[in-house]
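1. Structural data only, the sequence is not supplied:
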């Protein structure tokens, strides 16, 4: 493999590891705010215990997200210096806005949220929790604005190969941004909900449940059951937008080689780039056209119309099916789990052990769907780094391939160890009793009349 391929793999490894943790914290911040409000309203210690436990998971996820994000940002200089040289006038301010309006907000109030309960008023602590949640969402806003612009660039002009902004509104609210922002926020909500439900199910399965467990389980299943149909609708709208602006990506997703009307929906196939055809295809007639154009005979452009300018087919094709398949499992698990829980009179302890085991296995299913979806998005943009305007090979560095291979091996080793450690720590915390500080009030102080 040459230096370009190794650099792409290295960046993919970094973004894969990094995205796991913001995907949790973006939605978990809002879940913590909900737990906090429920405790203030009801005075039930179970809600406060849920808040205490999941705050620790949030802090752990936030720390790993920050560390991996810093490493990833360095690669703009080491592996892709041409990107900032050419696109820095767009990317630099957007990344700066993310730091100023989001990261600083999270970092400032995270300390109060983690260590301030009992030391500041209930109102201040509640506001701090809310601002942390706002910060995580604002961070997603700016990062997705930049990434979406790379897929559907707008509001710029190119002078001597360098990008200059002509309209910041068009840059931020580019054609794909609303769809991708909603899609990502919903993905975060699903990742968080299945993590909460899965860990709670594990506590019940292992006999380590506490007062927070049934509440957290019901919360996770409910959020998942509500969000997955919305995500399916949002994904459909996102697909229509992608068909309009990135037809080569859609052709790779669906394995369509020749432009055709009434394109079939391939449930299974082995795309063959040599023969430019699909082997062992299992298809639903007209399915792809109906889903993508909402017409049975709708036209789908084929990959052969983008010779030399389309992404590698197999990775995009399979990643898309992994994402969709995981989403269908989420639909089945959330709806089925919630139905069984209702049938048991909302008694989580009465759920059958196979159901608890299945929900436990789904704890990190959100990661699978998110990473697969991210690969569809990013690999599907190839060979462009800015769609239609700037190719990846134009901005790569001249670092020798051997150097990149060495650092890639080190990154993969460290990330694998950190991932195992993260899952192990969450498992350990789930099986450990939730400690309640002695200064925790037995009943909540109403937020409106709180005193320090």
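-> Noted; the coordinates are in hand. What you see is a predicted model; the values in this text were computed from it and never measured.

2. Show me the helices in this protein, by range?
-> Using DSSP state H, the helices found in the chain span residues 3-42, 45-78, 81-98, 104-115, 122-151, 168-172, 177-205, 213-245, 247-254, 287-293, 313-343, 353-361, 365-379, 401-431.

3. Can I get those helices in a markdown table including distance to residue 395, mean pLDDT and mean neighbour count?
-> To be clear about C-beta, it is placed using only N, CA and C from the backbone, and glycine gets the same treatment. Converted to a markdown table, the helices of the chain look like this (distance: least, C-beta to C-beta, whole Å; pLDDT from 0 to 100; neighbours: other C-beta atoms under 10 Å):
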| stretch | distance to residue 395 | mean pLDDT | mean neighbour count |
| --- | --- | --- | --- |
| helix 3-42 | 10 | 89 | 21 |
| helix 45-78 | 10 | 85 | 19 |
| helix 81-98 | 3 | 86 | 17 |
| helix 104-115 | 29 | 81 | 17 |
| helix 122-151 | 11 | 89 | 21 |
| helix 168-172 | 19 | 92 | 16 |
| helix 177-205 | 22 | 94 | 24 |
| helix 213-245 | 21 | 92 | 20 |
| helix 247-254 | 20 | 89 | 25 |
| helix 287-293 | 31 | 85 | 20 |
| helix 313-343 | 21 | 92 | 19 |
| helix 353-361 | 41 | 92 | 17 |
| helix 365-379 | 15 | 92 | 22 |
| helix 401-431 | 15 | 89 | 14 |
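
4. nearest to residue 392, of the ones you listed?
-> Residue 392 lies closest, by C-beta to C-beta, to one member of the helices of the chain: helix 3-42, at 7.0 Å.

5. who are the neighbours of that closest one, in terms of helices and strands?
-> helix 45-78, helix 122-151, helix 177-205, helix 213-245, helix 365-379, helix 401-431 (3 or more C-beta pairs under 8 Å, 6 or more residues apart in numbering; DSSP states H and E).

6. ok, the closest residue to residue 9 other than its chain neighbours to residue 6 distance?
-> Once flanking residues are discounted, residue 9 sits nearest to residue 408: 6.3 Å by C-beta to C-beta, 6 or more residues apart in numbering. Distance, residue 408 to residue 6, by C-beta to C-beta, to the nearest Å: 6 Å.

7. would JSON lines of the helices of the chain with distance to residue 162 be doable?
-> Listed next are the helices of the chain as JSON lines, based on distance: least, C-beta to C-beta, whole Å:
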{"stretch": "helix 3-42", "distance to residue 162": "22"}
{"stretch": "helix 45-78", "distance to residue 162": "16"}
{"stretch": "helix 81-98", "distance to residue 162": "6"}
{"stretch": "helix 104-115", "distance to residue 162": "29"}
{"stretch": "helix 122-151", "distance to residue 162": "16"}
{"stretch": "helix 168-172", "distance to residue 162": "15"}
{"stretch": "helix 177-205", "distance to residue 162": "23"}
{"stretch": "helix 213-245", "distance to residue 162": "23"}
{"stretch": "helix 247-254", "distance to residue 162": "26"}
{"stretch": "helix 287-293", "distance to residue 162": "36"}
{"stretch": "helix 313-343", "distance to residue 162": "30"}
{"stretch": "helix 353-361", "distance to residue 162": "50"}
{"stretch": "helix 365-379", "distance to residue 162": "24"}
{"stretch": "helix 401-431", "distance to residue 162": "26"}
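
8. Go through those and name the closest to residue 261.
-> helix 287-293 (6.7 Å).

9. Mind pulling up the pLDDT for residue 434?
-> On the pLDDT scale, residue 434 is placed at 65.

10. and the gap between the residue nearest to residue 117 when sequence neighbours are not counted and residue 31?
-> Spatially, and ignoring its direct neighbours in sequence, residue 117 is nearest to residue 125 (5.4 Å; C-beta to C-beta, 6+ apart). According to C-beta to C-beta, residue 125 stands 16 Å off from residue 31.

11. likewise residue 367?
-> Applying C-beta to C-beta, the value for residue 367 to residue 31 is 17 Å.

12. re earlier: what's near enough to touch the residue nearest to residue 9?
-> Residue 408 makes contact with 6, 9, 10, 13 under the criterion C-beta atoms under 8 Å, 6 or more residues apart in numbering.

13. Pull the contacting residues for the last one.
-> Contacts of residue 13 were listed using C-beta under 8 Å, 6+ apart, and they are 408, 411, 412, 415.

14. Could you export these as CSV, including distance to residue 63?
-> Listed next are the contacts of residue 13 as CSV, based on distance: C-beta to C-beta, whole Å:
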residue, distance to residue 63
408, 23
411, 18
412, 20
415, 14
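
15. Nearest to residue 330, out of those: which one, please.
-> Looking across the contacts of residue 13 and measuring by C-beta to C-beta, the closest to residue 330 is residue 415, at 25.0 Å.

16. Chain neighbours aside, what residue packs nearest to the closest one?
-> residue 17 (4.5 Å).

17. quick one: residue 13 and residue 191, what's the gap?
-> Plainly put, residue 13 is 20 Å away from residue 191 if you go by C-beta to C-beta.

18. Same check on residue 351?
-> Counting by C-beta to C-beta, the gap from residue 351 to residue 191 is 22 Å.

19. Equivalent analysis for residue 61, please.
-> Applying C-beta to C-beta, the value for residue 61 to residue 191 is 10 Å.

20. and if you look at residue 335?
-> Counting by C-beta to C-beta, the separation of residue 335 from residue 191 is 18 Å.

21. Determine the number of other residues adjacent to the closest residue in space to residue 80 that isn't next to it in sequence.
-> Counting by C-beta to C-beta, 6+ apart, residue 395 is the residue found nearest to residue 80 once chain neighbours are left out, at 5.3 Å. Using other C-beta atoms under 10 Å, residue 395 has 19 other residues around it.

22. OK, contacts around residue 395?
-> Per C-beta under 8 Å, 6+ apart, neighbours of residue 395: 80, 81, 82, 83, 85, 86, 385.

23. can you put those in CSV and add distance to residue 104?
-> Output for the contacts of residue 395, formatted as CSV (distance: C-beta to C-beta, whole Å):
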residue, distance to residue 104
80, 26
81, 27
82, 29
83, 25
85, 27
86, 28
385, 28
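
24. what's the closest of those to residue 378?
-> Checking those against residue 378 by C-beta to C-beta gives residue 385 as the nearest, at 9.9 Å.
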